[in-house]
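In: What would the 3D arrangement of this be:
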Amino acid sequence: MKILVAVKRVVDANIKVRVLSDETGIDMNDTKMALNPFCEIAVEEAIRLKESGSASEVIVVSIGPEKSQEQLRTALALGADRAILLQTDQVIEPLSVAKLLAKLVQEEQPELVILGKQSIDSDNNQTAQMLAALTGRPQGTFISQLSVDNSAIHITREVDNGLQKLSLQLPAVVSVDLRLNEPRFASLPSIMKAKRKPIDRRSAESFGIDLSPRIKHLKITTPAERKSGQLVASVAELVGKLKLEAEVI
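Out: Numbering: from 1, shown residues only. Here you go, the predicted model:
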């Protein structure tokens, strides 16, 4: 079984982003970038399937600027076999990403496509669903468990009122949730080997898809500062403040 994993380059989750003074976007100068955490879980699950004998090859693909190769090399260091970069300097929206991935799926014919359920920069949670629709494949979203059985996969997905168990016929598309696994750390020898592995670079524009944005961001602002709390000496004082100041009771 061949597995295709889509990964994205995002701002590191451990740093605080800075909004530009004109509120047109995020200040990306000297900003630390990383592999999207949900994508990292997707890569880990694909590698585990290969280690268990359920998969024969793991291919990672990213869509973005040349620097996205850094995240692809991270995935290679974790255990992926091949890496493909669809290079573009445009800001790509989920529908365009899904269309590009659909072209690549048609070319590579993977039995399973694994994506993170969302990226931590835009939080759209759209690409996996759009890709499944474009390729006509069954889909499983927000999965927290996955197993392979011959020509089918069995998944557990998280829904509002609990857990849902489904079986999907391959080929299929799934998006992963946080509780699926705990990603490993790449060893130093693996990191050094990944630096020497070739990356298949292609122009995203060469696929003949209109990548122009359809959504216009009007303004990006930082969240309002949270007010500090107050200490009260008794329950009676707390009730009084809730009633008179906060007016919630």
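In: Could you tell me the end-to-end distance of stretch 1-12?
Out: Terminal residues of stretch 1-12 are spaced 32 Å apart (CA to CA, to the nearest Å).
In: so what pLDDT did Glu245 get?
Out: For Glu245, the model assigns a pLDDT of 85.
In: Need phi/psi at it.
Out: With angles defined as degrees, to the nearest 10, Glu245 shows backbone torsions of phi -90, psi -50.
In: Also Ile26?
Out: phi -100, psi 140.
In: The residue nearest to it when sequence neighbours are not counted: how many residues sit nearby?
Out: In space, and not counting its chain neighbours, Ile26 is closest to Val17: 5.2 Å by CB to CB, 6 or more residues apart in numbering. Just so you know, the C-beta spots here come from the backbone N, C-alpha and C atoms, and that holds for glycine as well. A count of neighbours around Val17, defined by other CB atoms under 10 Å, yields 13.
In: Hmm, Thr31 and Val17 touching each other?
Out: Yes - under the criterion of CB atoms under 8 Å, Val17 makes contact with Thr31 at 7.3 Å.
In: Name the residues contacting each of the two.
Out: Common neighbours of Val17 and Thr31, counting by CB atoms under 8 Å, 6 or more residues apart in numbering, are Val11.
In: re the thing from before, tell me the SS of the residue nearest to Ile26?
Out: coil (DSSP: H, G, I helix; E, B strand; the rest coil).
In: Roughly how far does it sit from Pro94?
Out: 20 Å (CB to CB, to the nearest Å).
In: repeat for Lys227
Out: Lys227 is 35 Å from Pro94, by CB to CB.
In: what about the two, which has more around it?
Out: Pro94 (19 against 6).
In: That one - nearest residue in space that isn't next to it in sequence?
Out: Taking CB to CB, 6+ apart as the measure, Pro94 lies nearest to Gln126, with 4.0 Å between them; neighbours along the chain are not counted.
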